[in-house]
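**Q** sequence and predicted structure below; questions after.
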Amino acid sequence: MLTAEQRRQFHQADSDLDALTVERLLDLLTVLTVTDARDFTAGVMDTLPALVAELGEVSALIGSTMYETARDQSDARGRFTVNLSDPPNTEQVQATARWALAPLFSPENVLGPAELTGLLTARLSAGAPRLVREGGRRTIVDNTARDPARPRYRRVLSAGKKTHCDFCTMLAGRGFVYHTKDTAGAGKHFHDRCGCGLELGFN
């Protein structure tokens, strides 16, 4: 099991990665303008998948390091090599981007350029960190399913939020009940702006 300080450090690493994701996204958006909807869309569609792929690998490394640390400090028997899971593919990233950019082409849109830019930025800034963090979350879920030590994992609420949605609170309250892809169910699903993490437990 991880110590309290180790848990804090890994959670902080995830939070820092969220912040870096948004920072890099904002750098991208500053060179695009909503007055040219097609150019704005093409810019996001072309560059967001690369950003998610790059930082998703960082997330996977954080997840694998946490997994290895927790396993090494447990009584788990036998050797086990933690594999890095892939971040979301281009199609998944672009699907989120299309949702975020939908107001740009809505016939009901009456927002000016500044307001529309703010709305699209907010939607993209909510989805991009979730996509990036999938690299680490998948790494934990996928390796839990194949580890012969049969560890379980639980959902851990973000320490940085004063309130959490009912969905996250319900899943976190279940404890260490997730251990295979079949039993993971809703436990492996995360929404935008969700700071929840996963924590391993070994019997």
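**A** That came through, no problem. If you're wondering where the values come from, they're calculated on a predicted model, not measured in any experiment. Numbers count the residues shown, from 1 in each chain.
**Q** go through the lengthiest helix in the chain and flag the buried ones.
**A** In terms of residue count, the longest helix belonging to the chain (DSSP state H) is helix 37-72. For helix 37-72, the buried set under the neighbour-count rule, 16 or more other CB atoms under 10 Å, comprises 40-41, 43-44, 47-49, 51-53, 55-60, 62-64, 66-67, 69-71. Just so you know, the C-beta spots here come from the backbone N, C-alpha and C atoms, and that holds for glycine as well.
**Q** kindly report the same for stretch 9-28.
**A** Taking 16+ other CB under 10 Å as the criterion, stretch 9-28 shows Phe10, His11, Ala13, Asp14, Ser15, Leu17, Asp18, Thr21, Val22, Arg24, Leu25, Leu28 as buried.
**Q** give the contact list for Phe40.
**A** Contact partners of Phe40, counting by CB atoms under 8 Å, 6 or more residues apart in numbering, are Leu32, Thr33, Val34, Leu101, Leu104, Leu120.
**Q** switch to 7 Å and redo it
**A** With contacts defined as CB atoms under 7 Å, 6 or more residues apart in numbering, the neighbours of Phe40 are Leu32, Thr33, Val34, Leu104.
**Q** and the first one, which of the three is it?
**A** Per DSSP: H, G, I helix; E, B strand; the rest coil, the secondary structure class of Leu32 is coil.
**Q** model confidence for it, exactly?
**A** Each residue has a pLDDT score; the one for Leu32 is 93.
**Q** re earlier: after the longest helix of the chain, which helix or strand is next?
**A** Toward the C-terminal end, the helix or strand that comes next after helix 37-72 (DSSP states H and E) is helix 90-105.
**Q** got a list of contacts for that following helix?
**A** For helix 90-105, the external contacting residues (CB under 7 Å, 6+ apart) are 34, 37, 40-41, 44-45, 48-49, 52, 109, 116, 119-120, 123-124, 127, 131.
**Q** quick check: buried residues in that helix?
**A** By neighbour count with 16+ other CB under 10 Å, helix 90-105 contains the buried residues Val93, Gln94, Thr96, Ala97, Ala100, Leu101, Pro103, Leu104.
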